[in-house]
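K.L.:
Fold the following for me, if possible:
(one chain, ligands or ions: 1)
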Amino acid sequence: MAVDEKELQAIVKEVMAKLQTGAKPSAKQSGIFEDMNDAIAKAKEAQRIMQKMPMDFREKIIANIRKKTKENAELLARMGVEETGMGNVGDKILKHHLLAEKTPGTEDITTTAWSGDRGLTLIEMGPFGVIGAITPCTNPSETILCNSIGMLAGGNTVVFCPHPAAIKVSQFAIQLVNQASMEAGGPDNVAVSVTKPTMDASKIMMAHKDIPLIAATGGPGVVTTVLSSGKRGIGAGAGNPPVVVDETADIKKAAVDIINGCTFDNNLPCIAEKEVVAVSQIADELIYHMIENGCYMASKEEQDKLVATVLTPKGLNRKCVGRDAKTLLSMIGVTAPENTRCIIFEGPKEHPLIAEELMMPILGIVRAKDVDDAIEQAVWLEHGNRHSAHMHSKNVENLTKFGKAIDTAIFVKNAPSYAAIGFGGEGFCTFTIASRTGEGLTSASTFTKRRRCVMSDSLCVR
Ligand code: NAD
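P.N.:
Residues are numbered from 1 along each chain as shown. Okay, here's the model as predicted:
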């Protein structure tokens, strides 16, 4: 039965009201505890049960998480936008469907075997136990549901420390995971968190003896903190993905792809195009097609106003992150045409709206004299994050040269950036891209440890 707009608004309101921050956890708020130590203890109990379950059983739980994610995709999207004020509902719905369909489950856990005269040796990928996961406000429920599928597939349970700006939607996602487990006959508390996820709660989690692995998805601060914790850390940090366009590219298609990628969920994804470096020869043509596709060319005066509005001495103005182009323009007194999707301008690579990771649909265009110059400027702009970069070109040598020079976890060619996470591209989906620590796009196998099992002098039947 289709739910109409009014009914849906009412459901969002009701769920948000029930999830009031600081409210005492009720029977409905499964997995949410007052105290971090209690949360971890419960997740540990659940993990002991999980470990005894056949892999098939984990897969049943995961299938139910996928189903619930799809059923609640619109609700989660609306809750996320309402609570954080960031992104847009349509794209967030797509992100939830994408993760439900394309996040790998237990099939990602494989075994390596050697057999011979001296017997049989296996490398089995076993669970770590209870994993600590710190999640961002930019993809809050997406990261929690995606991490849950991968971590549970690996036989772990998980304690989440969500961003304080996205507590309600994060807690709702955690509850969905537990409901999915219990409905499938699994334990409660396979995913847990606390009513108030403060920095103190996060410190307790990081120092806790029962947390052997921490996956941090967020900016540079959290990744550095986790990597200094003395625990094994998976660091999915910040990016500032440049997109290079050379003279051999299909320029019209490049413009459409870049604007589609850049404006997806109002530029919140860490993989999204954050600036363009275009070879001079085709820069005007590229800009022409961008304007044809809903881009607003900001004047020098408007650029200055944007700098003063979106950047503060302490960094990004959070009120601007994840806002759409028309809203950003209205903040500087510009009434933009209805079809405006993205703000563009030309500038040097050092321009603050180009060099900074903004996470809003403001796309600076830097001119380069040739492809080598473009590659050099793009590498500078990526700031050594080794996260994501993209290129539009038909010249395989140029693509190879940039791929080697930029050395990022993700390198998309001739497509919007979201092709990297399986949206219009091959491969699986994830919202945790371990750029700093090198695991790259994480999946269930990332959340397992390798264990060698040796049977001496037997079980080789060759
Ligand atoms: P953020 O760094 O402000 O917060 C991320 C999480 O870390 C939150 O839960 C926050 O409470 C926590 N946190 C922040 N500083 C901490 C500290 N010192 N100790 C412990 N916890 C800390 O990031 P955000 O605004 O939520 O998300 C946007 C940032 O995350 C961008 O830089 C984006 O590129 C990055 N990101 C990266 C990936 C990836 O897969 N690599 C995915 C999404 C977002």
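K.L.:
gap between the residue of the stretch 1-150 of the chain found nearest the ligand and residue 46?
P.N.:
Nearest residue of the stretch 1-150 of the chain to the ligand: residue 136, at 3.1 Å (C-beta to the nearest ligand atom). All C-beta spots, glycine's among them, are computed from the backbone N, C-alpha and C. Distance from residue 136 to residue 46, counting by C-beta to C-beta, to the nearest Å: 24 Å.
K.L.:
Repeat that for residue 274.
P.N.:
In terms of C-beta to C-beta, residue 274 sits 39 Å off from residue 46.
K.L.:
helix/strand/coil for the residue of the stretch 1-150 of the chain closest to the ligand?
P.N.:
coil (DSSP: H, G, I helix; E, B strand; the rest coil).
K.L.:
was I right about it contacting residue 163?
P.N.:
Yes. Counting by C-beta atoms under 8 Å, residue 136 touches residue 163, with 5.6 Å between them.
K.L.:
Identify the contacts common to those two.
P.N.:
residue 218 (C-beta atoms under 8 Å, 6 or more residues apart in numbering).
K.L.:
In space, what's closest to residue 298 - neighbours in sequence excluded?
P.N.:
residue 345 (4.4 Å; C-beta to C-beta, 6 or more residues apart in numbering).
K.L.:
tell me which element the one you found is part of?
P.N.:
In this assignment (DSSP states H and E), residue 345 forms part of strand 342-346.
K.L.:
rewinding a little: so between residue 274 and residue 46, which is more surrounded?
P.N.:
residue 274 (28 against 25; other C-beta atoms under 10 Å).
K.L.:
residues contacting that one?
P.N.:
239-242, 262, 267, 357-358, 363.
K.L.:
Serialize those to TSV and add fields for distance to residue 225.
P.N.:
TSV is the format used below for the contacts of residue 274 (distance: C-beta to C-beta, whole Å):
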residue	distance to residue 225
239	18
240	20
241	23
242	27
262	30
267	25
357	18
358	23
363	31
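K.L.:
Pick the one among those closest to residue 444.
P.N.:
Relative to residue 444, the closest of the contacts of residue 274 is residue 239; by C-beta to C-beta it sits at 23.2 Å.
K.L.:
Pull out the buried residues from stretch 287-297.
P.N.:
Neighbour counts using 16 or more other C-beta atoms under 10 Å place 287, 289-290, 293-296 of stretch 287-297 among the buried residues.
K.L.:
Could you do stretch 237-254 as well?
P.N.:
For stretch 237-254, by 16+ other C-beta under 10 Å, it's 237-249, 251, 254.
K.L.:
In strands only, show me those residues.
P.N.:
Judged by DSSP state E, those include 242-245 as members of strands.
K.L.:
coming back round to it: given the strand holding residue 345, what are its sheet partners and their directions?
P.N.:
Paired strands of strand 342-346, with direction, are strand 295-297 (parallel), strand 362-368 (parallel) (DSSP bridges).
K.L.:
Need the winner for burial among those strands.
P.N.:
strand 362-368 (a mean of 24; mean count of other C-beta atoms under 10 Å).
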